[in-house]
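K.L.:
I would like the atomic coordinates for the input below:
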Amino acid sequence: MRFLARSRPRLFFFACLALAGYFAYTALMGAINTHRLAEQRFEAEQDLRALEDRRAYIEAVRDYVSSDQYVEQEARRQLGYVRPGEIPFVVISPPVEDNSELPKGDWWERLFPR
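P.N.:
As a prediction, this is how the structure comes out:
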């Protein structure tokens with residue numbers, strides 16, 4: 001009986017120690033998850049800003065392509081359109097090397113570089 005009386009405080013102490021360890025572990029895991037979620041949110045906000053910039057660029061290209069200025073430019077470039085009183089001429093460029101690398105990106109980015 002005496003052994004049981006002495007072991008109860010020890011048992012209580014170890015139970016409290018285990019409970020405190022569990023709470024510390026839970027708090028630590030919560031802090032780690034909160035930090036990871038904050039990093040993911042920051043990355044998502046960066047991606048959102050990049051996508052908003054890309055959208056603004058594409059909308060600007062769309063607005064330019066639908067303008068009369070672009071239509072006239074393309075009529076001059078592709079169809080040889082000349083206004084009355086203007087003198088047409090053709091610029092001859094040097095030949096392009098065959099081993100040159102093709103431009104990369106979407107067609108509108110190649111057509112309208114930033």
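
K.L.:
contacts and neighbour counts: CA atoms only from here.
P.N.:
Will do.

K.L.:
distance check, Gly85 against Cys16.
P.N.:
Between Gly85 and Cys16 the distance is 97 Å, computed by Cα to Cα, to the nearest Å.

K.L.:
more neighbours: which of these two?
P.N.:
Cys16 (12 against 6; other Cα atoms under 10 Å).

K.L.:
what residues are up against the more buried one?
P.N.:
For Cys16, no contacting residues are found, by Cα atoms under 8 Å, 6 or more residues apart in numbering.

K.L.:
quick one: low-confidence ranges for the chain?
P.N.:
The chain contains residues with pLDDT under 70 at 1-6, 96, 98-103, 114.

K.L.:
centre-most residue in it?
P.N.:
The centre of the chain sits closest to Asp47, judged by Cα atoms, centre = their mean, with a distance of 2.9 Å.

K.L.:
name the element that residue belongs to?
P.N.:
helix 2-65 (DSSP states H and E).

K.L.:
could you measure from Val91 over to Arg77?
P.N.:
Distance, Val91 to Arg77, by Cα to Cα: 12 Å.

K.L.:
got it, and Leu19?
P.N.:
79 Å.

K.L.:
same thing with Ile58?
P.N.:
Here Ile58 is placed at a distance of 22 Å from Arg77 (Cα to Cα).

K.L.:
tell me which of the two has more neighbours.
P.N.:
The neighbour count for Ile58 versus Arg77, taken as other Cα under 10 Å, is higher for Ile58 (14 against 11).

K.L.:
so what's the more buried one up against?
P.N.:
No contacts exist for Ile58 under Cα under 8 Å, 6+ apart.

K.L.:
let's see it at 10 Å
P.N.:
The contact partners of Ile58, taken as Cα atoms under 10 Å, 6 or more residues apart in numbering, are Glu52, Tyr64, Trp108, Glu109.

K.L.:
look at the first one and say how many residues are nearby.
P.N.:
Read it as Glu52. If you count neighbours by other Cα under 10 Å, Glu52 ends up with 12.

K.L.:
before we move on, what about Pro94?
P.N.:
6.

K.L.:
for Arg8, same thing?
P.N.:
Residues within reach of Arg8, counting by other Cα under 10 Å, total 11.

K.L.:
what about it, distance to Tyr22?
P.N.:
Distance from Arg8 to Tyr22, by Cα to Cα: 21 Å.
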